[in-house]
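[1] whatever this is, show me its structure:
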Amino acid sequence: MGKPAAKLGDRVTALDTHLIQPPGTAPPVPVPHPFNGMLLGQLSRNVRIERRPAAVLGSTATNIPPHIPQGGTFVKPPTNQGRVILGSLTVRINGKPAARAGDLVMTCNDPVDLPVGRVIAVSTVRIGG
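    Numbering: from 1, shown residues only. As a prediction, the model looks like this:
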């Protein structure tokens, strides 16, 4: 049995780590920030899942609301973006692997983006592989 298909508006969750520069001369501190994104970009233009554009490998999520620095300023301002980096091995949409619930998402982190996000999708459409 397959996993629920991902589509426009489905969520991406992660716990990102960003470097915060505290006031004064203290060194930067890694601080966790929740990523609660929504799949909004790079979706299929002609394949629909429950009347919404299907998500595929490379689809992007925007963190809403954006990360807010806690206890200082960001060393590197976060992009507040995530990108689906794993999809179905057997089902393609527009030549790209279909995205499903549980698929891996690369989200903004410091010093580099990391694959710590997951797609949260609820759908009557199931995609295998």
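
[2] what's the following helix or strand after whichever helix or strand Asn36 is part of?
    Taking DSSP states H and E as the definition, Asn36 sits inside strand 29-41. Following strand 29-41 in sequence order, the next helix or strand is strand 48-49 (DSSP H and E).

[3] quick check: the residue nearest the centre of the chain vs Arg126, distance?
    What sits nearest the mean C-alpha location of the chain, by C-alpha atoms, centre = their mean, is Gly82, with 3.5 Å. Here the criterion is C-beta to C-beta, to the nearest Å. By it, Gly82 lies 23 Å from Arg126. C-beta: built from backbone N, CA, C; applies to glycine.

[4] and the host helix or strand of the residue nearest to the centre of the chain, what does it pack onto?
    Under the criterion of DSSP H and E, Gly82 resides in strand 81-84. In terms of contacts (3 or more C-beta pairs under 8 Å, 6 or more residues apart in numbering; DSSP states H and E), strand 81-84 is packed against strand 29-41, strand 60-63, strand 104-107.

[5] would a markdown table of those with mean neighbour count be doable?
    Formatted as a markdown table, those follow (neighbours: other C-beta atoms under 10 Å):
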| stretch | mean neighbour count |
| --- | --- |
| strand 29-41 | 17 |
| strand 60-63 | 22 |
| strand 104-107 | 23 |
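
[6] using JSON lines, lay out these together with distance to Ser88 and mean pLDDT.
    Formatted as JSON lines, the helices and strands packed on strand 81-84 follow (distance: least, C-beta to C-beta, whole Å; pLDDT from 0 to 100):
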{"stretch": "strand 29-41", "distance to Ser88": "15", "mean pLDDT": "98"}
{"stretch": "strand 60-63", "distance to Ser88": "18", "mean pLDDT": "99"}
{"stretch": "strand 104-107", "distance to Ser88": "12", "mean pLDDT": "99"}
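
[7] no further queries at this time; thank you.
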